[in-house]
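K.L.:
predicted structure and sequence below. I'll ask about it afterward.
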Amino acid sequence: MLEARGAKGFRRLGEYGGWLDVPDNIRNKMNVAARQAATKIMNDLAEKGPAYSGEFRDSWRALAVDGGSGGGNQGSYPYKISDVPNLKITRKSMERVKVFEIVNTSPYALYAMDIIPGRWITPEGVAPKGGIEFGIVYGKRYGRFRGEVKKDGEAMRVSTAEKDWYTNYVNGGEMSDAVKRILKFTIQSSASGNLSVS
Amino acid sequence: MNHQAICAAIEVPLNNAFKGLTPPVKIFFDNLTIVPPDPPTEYVTVSIAFGLTSESTLTNSLDRARGAVIVRIFTEKNRGGKRARYLSGVASDILNSLGSSQKAAFGVFLRVRDISGPAFYSNEVEPHFMARIAASWDATGCG
């Protein structure tokens, strides 16, 4: 039986082998770390992704898998931690493998993410905003996926993000690196006294 | 780190596998061969993207790169998913086999991890049925 005694903020969790109980203040730190990581990912996606009208860039949302315990505005880029819902700090919730789902709610998200092909038109009277990291490339379309535009001085098709930017961010190491950096920072900043139990 | 060597380590086995099928399946690579405006009944495209070219949080080695490979398989529409599933299996087997050899003293050593898919897609407008496989890769340069 693991039971925290005499330490304010601890919860009695019953019989459970192999785990030490975690005080509420550490659970709160983990909650903040998870929300910071989600915020960082949403901003990275907004910065790497395309922006013609800007609607796609402003449509990233973080949804708490357990429903959350409040908070989480419908924000736009640049996203803030207040745009990400609070997690419940129950043990069950904190032990979930997946705590947030980050989704894009724009109707053409799968096209913007180069997941599915499409037919492309250049909207009249709307100047492209341009991707934050990529800018704008004017050129010739060579395929039906969003990013399949080759730079060409004459042609006027537009791409505002690298082809396969989304898959590359998720699979290419940058997303996991961003999460690692946030967690490392949070653990370091919470190391002074918070973990000690008297 | 030689980026071209990394691309070759992924592209050559995929190219050999699809060209070795009976009948051979056309394969197109980014910025090398572009799918023609009137594409064949079935074909494969391969995109290789570079993510982190060094990952200082994990290792001191600067000669390390990570990225993603996306294989898109296009087959005849309204003929069921069997062919697309078969070709997806060919691609997955090749990606899984990358890095199964031992690390050599020289050259690029590449491993593919976390294969996702195949995810299938078709609609009324597009002329093909599509399967998509994405995977992350991790390469180190030696020598």
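P.N.:
Nice, I can see it.
K.L.:
who in chain B is up against chain A?
P.N.:
B:30, B:34-35, B:47, B:49-52, B:55, B:57, B:66-68, B:70, B:114, B:116, B:119, B:121, B:123, B:125-126, B:130, B:132, B:134-136, B:138 (Cβ under 8 Å from any Cβ of the partner chain). For every residue, glycine as well, the C-beta is placed using N, CA and C.
K.L.:
out of the residues you listed, list just those in strands.
P.N.:
If you go by DSSP state E, those have B:47, B:49-50, B:66-68, B:70, B:114, B:116, B:119, B:121, B:130, B:132, B:134-136, B:138 in strands.
K.L.:
the helices in chain B, which residues?
P.N.:
Counting by DSSP state H, chain B has helices at residues B:3-19, B:82-97.
K.L.:
can you list the ones you listed in a markdown table and add mean neighbour count and mean pLDDT?
P.N.:
Output for the helices of chain B, formatted as a markdown table (neighbours: other Cβ atoms under 10 Å in any protein chain shown; pLDDT from 0 to 100):
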| stretch | mean neighbour count | mean pLDDT |
| --- | --- | --- |
| helix B:3-19 | 16 | 88 |
| helix B:82-97 | 17 | 91 |
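K.L.:
any chance of TSV for the ones you listed, columns distance to residue A:37?
P.N.:
What follows is the helices of chain B, written out as TSV (distance: least, Cβ to Cβ, whole Å):
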stretch	distance to residue A:37
helix B:3-19	29
helix B:82-97	28
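K.L.:
compare those and give me the one nearest residue A:23.
P.N.:
helix B:82-97 (43.7 Å; Cβ to Cβ).
K.L.:
now that closest one and helix B:3-19, what's the angle there?
P.N.:
140 degrees (axes from the mean of the first three to the mean of the last three Cα atoms, to 10 degrees).
K.L.:
and the residue of chain B nearest chain A?
P.N.:
With Cβ to the nearest Cβ, the shortest gap between chain B and chain A falls at residue B:51, namely 2.1 Å.
K.L.:
burial count for that residue?
P.N.:
23 (other Cβ atoms under 10 Å in any protein chain shown).
K.L.:
who touches it in this structure?
P.N.:
Listed by Cβ atoms under 8 Å, 6 or more residues apart in numbering or on different chains, the contact set of residue B:51 reads A:168, A:169, A:171, A:172, A:173, A:174, B:65, B:66, B:67, B:68, B:136.
K.L.:
ok, how many other residues are close to the closest residue to it other than its chain neighbours?
P.N.:
Leaving aside its sequence neighbours, residue B:51 sits nearest to residue A:172 (Cβ to Cβ, 6 or more residues apart in numbering or on different chains; 2.1 Å). Counted with other Cβ under 10 Å, residues neighbouring residue A:172 total 25.
K.L.:
pLDDT score assigned to residue A:172?
P.N.:
Looking at residue A:172, its pLDDT is 85.
K.L.:
cross-check the contact I'm expecting between it and residue B:52.
P.N.:
Yes - counting by Cβ atoms under 8 Å, residue A:172 touches residue B:52, with 6.5 Å between them.
K.L.:
name the residues contacting each of these two.
P.N.:
Counting by Cβ under 8 Å, 6+ apart, the residues touching both residue A:172 and residue B:52 are B:66, B:67.
K.L.:
is residue B:67 in a bridge, and if so with what?
P.N.:
Counting by DSSP bridges, residue B:67 is bridged to residue B:50, residue B:137.
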